[in-house]
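1. A predicted structure for the sequence below; I have some questions about it.
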Amino acid sequence: MPEKVALIGSGNWGSAIATKIGVNASACADFDDKVYMWVFEEYVKEEDGKWVRPARGAKPPEGKTWVDEGYTPLTQVINEKHENVIYLPGIELPHNIVACPDVATCVDGATMMVFVIPHNFLAPIVPKMEGKFAKGAIGCSLIKGIEFEKEGDMKPILISDLLQAEMKKSDGAPVVDMSVLMGANVANEVAKGDFAEATIGCTKPENGLKWCKLFNTKDFAVQAVTDVAGAELCGAMKNVVALGAGFCDGLGYGGNTKAAIIRIGLKEMQKFCKVFYGDRQIKDETFLESCGVADLVTTCFGGRNRKCADIFAKNIAAGTPKAWDVIEAEELNGQKLQGERTGTAQDVMKAIKAKGVVDAFPLFSQIHKIAFEGAKPETIIDMKLEKYY
Ligand SMILES: NC(=O)c1ccc[n+]([C@@H]2O[C@H](COP(=O)([O-])OP(=O)(O)OC[C@H]3O[C@@H](n4cnc5c(N)ncnc54)[C@H](O)[C@@H]3O)[C@@H](O)[C@H]2O)c1
Ligand SMILES: O=P(O)(O)OC[C@H](O)CO
């Protein structure tokens, strides 16, 4: 029986990865041709050649719907135009990708489930999948973020572990073996077809190979490592370092300073893995894969966290500081800053404080001070490195 693939998410990265999955699903007999893509339903209309949504928080007039007001459901537009006009405009999606607003329909009978939504939106979605996917189904998370225990020592929780536990919880649902796909993957570039690499972190090599087959194309080279935690933590922690890189850009610093931030950041990412996930046999080699150093470099040059941190620093210099959520809304056209409005940096700080290891993370601590405690962006270089390096 061919594998039945479901794509849960349709933002910038979800739509970009659909361009690879769709091609492989239709070309390879291992996969069922039709791939459902779950879409968080929104309403859109074309105005002066640009697709727009109602203003943030706006409601249709009393007794009317957005359709009455001339809007169309995004799912309908995607299925008619084969383009996600909001999150990936200008890129044709393979015609076997079918947008659907109901997640239960999307995963009905699925044997391979790809999760790619900002992690803060996961909680209400997973329970709706209960009892729908196939027994023995496997999952792959493309989500670059991390959750933390809310109390006590604030231990970090991998999103792949969270997904696995949630799916196991459902009555009678089979256990889903979870892998991750992480890498130097700015979505728009991957969608355009510029060459990129990615890393599958898997528990079993045979599942790693299945995922490679689904994602790998001529312009998207995917390799598997048996290190789910290492690959996933790299994808989450680089979001913190990207803020530091953005502050440097906003201050007009050059490549040397940014390279220093990247180097120190990589060491702190590795240290964070060892301190909090020492029991998961995280491999040093994982940091040299696309999910490690390469993702860190790309996010520090071309990522959204970098962009917003650049603007954050420039606004402070101009004497017109702006809150993170305002910058996100003004600059990202509905996309989200990875790690829930820079929340990863805040949560990481809470976790290292709770563990009593703040001094071991001078860069993460300084980034936190600038982003959330009112320290000047220029203090990015005031790290007390001599303590630990
Ligand atoms: N964009 C990239 O370049 C990129 C690359 C690699 C990994 N990622 C990761 O992929 C994941 C998804 O990011 P993205 O870039 O595809 O998303 P995005 O930021 O482009 O879009 C946000 C998505 O959230 C959905 N959404 C908005 N409100 C919602 C709600 N209330 N409930 C449920 N969904 C809602 C939107 O419909 C949209 O699909 C993230 O974890 C991100 O870190 C992104
Ligand atoms: O735009 P960013 O910073 O969220 O990064 C996008 C990708 O994760 C880069 O690999």
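-> Yep, that arrived. Ligands and ions are numbered 1, 2, ... in the order given.
2. drop to CA atoms for contacts and neighbour counts, all remaining ones
-> OK.
3. is stretch 74-94 anywhere near ligand 2?
-> No: figure legend: stretch 74-94 not in contact with ligand 2 (CA under 6 Å from any ligand atom); closest approach 12.9 Å.
4. quick one: that stretch to chain centroid distance?
-> Relative to the centre of its chain, stretch 74-94 is centred 20 Å away, using CA atoms, centre = their mean, to the nearest Å.
5. okay, how far is it across that stretch, tip to tip?
-> From its first residue to its last, stretch 74-94 covers 17 Å (CA to CA, to the nearest Å).
6. that stretch - what's its average pLDDT?
-> For stretch 74-94, the mean pLDDT works out to 98.
7. what does stretch 314-334 give?
-> On average, stretch 314-334 scores 91.
8. are that stretch and ligand 2 in contact anywhere?
-> No: figure legend: stretch 314-334 not in contact with ligand 2 (CA under 6 Å from any ligand atom); closest approach 9.7 Å.
9. run through who's touching that stretch.
-> Residues outside stretch 314-334 that contact it (CA atoms under 8 Å, 6 or more residues apart in numbering) are 87, 250-251, 304, 308, 311-312, 335-337, 341-342, 376.
10. what subset of these is buried?
-> 87, 250-251, 304, 308, 311-312, 335-337, 341-342 (16 or more other CA atoms under 10 Å).
11. possible to save these as CSV with distance to V107 and secondary structure?
-> Formatted as CSV, the buried ones among the contacts of stretch 314-334 follow (distance: CA to CA, whole Å; DSSP: H, G, I helix; E, B strand; the rest coil):
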residue, distance to V107, secondary structure
Y87, 22, coil
G250, 43, helix
L251, 47, coil
R304, 30, helix
C308, 35, helix
I311, 40, helix
F312, 40, helix
Q335, 24, coil
K336, 24, coil
L337, 27, coil
R341, 29, helix
T342, 30, helix
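12. which of those sit farthest apart?
-> The span of these, defined through CA to CA, is set by Y87 and L251 at 29.7 Å.
13. elements contacting the helix or strand of the chain with the lowest mean pLDDT?
-> Ranked by mean pLDDT, DSSP states H and E, the weakest helix or strand in the chain is helix 338-354, scoring a mean of 78. Applying 3 or more CA pairs under 8 Å, 6 or more residues apart in numbering; DSSP states H and E, we find helix 338-354 packed against helix 228-250, helix 304-317, helix 324-331, helix 362-372.
14. what residues does the stretch 51-200 of the chain put near ligand 2?
-> So far as CA under 6 Å from any ligand atom goes, the stretch 51-200 of the chain lies against ligand 2 at 183-186.
15. most neighbours among those residues, which one?
-> When neighbours are taken as other CA atoms under 10 Å, the top entry among these is G183 (27 neighbours).
16. so it touches F287, yeah?
-> No: if you go by CA atoms under 8 Å, G183 and F287 don't touch, sitting 10.7 Å apart.
17. could you list the domains of the chain?
-> As given by automatic domain parsing, the domain ranges for the chain are 5-226, 230-388.
18. now do the end-to-end distance for the longest one.
-> Okay, so that is domain 5-226. 22 Å.
19. what about it, distance to the chain center?
-> Going by CA atoms, centre = their mean, where domain 5-226 is centred and where its chain is centred differ by 10 Å.
20. and the residue of the chain most remote from its centre, how far from K45?
-> Within the chain, G63 marks the point farthest from the mean C-alpha position, 37.2 Å out by CA atoms, centre = their mean. Computed as CA to CA, the G63 to K45 distance reads 20 Å.
21. how about D177?
-> Counting by CA to CA, the gap from D177 to K45 is 40 Å.
22. which one's more surrounded, these two?
-> Neighbour count, other CA under 10 Å: between D177 and K45, K45 has more, with 21 against 18.
23. just the element for the more buried one, please.
-> Under the criterion of DSSP states H and E, K45 resides in strand 43-47.
24. T257 - nearest residue in space that isn't next to it in sequence?
-> C248 (7.2 Å; CA to CA, 6 or more residues apart in numbering).
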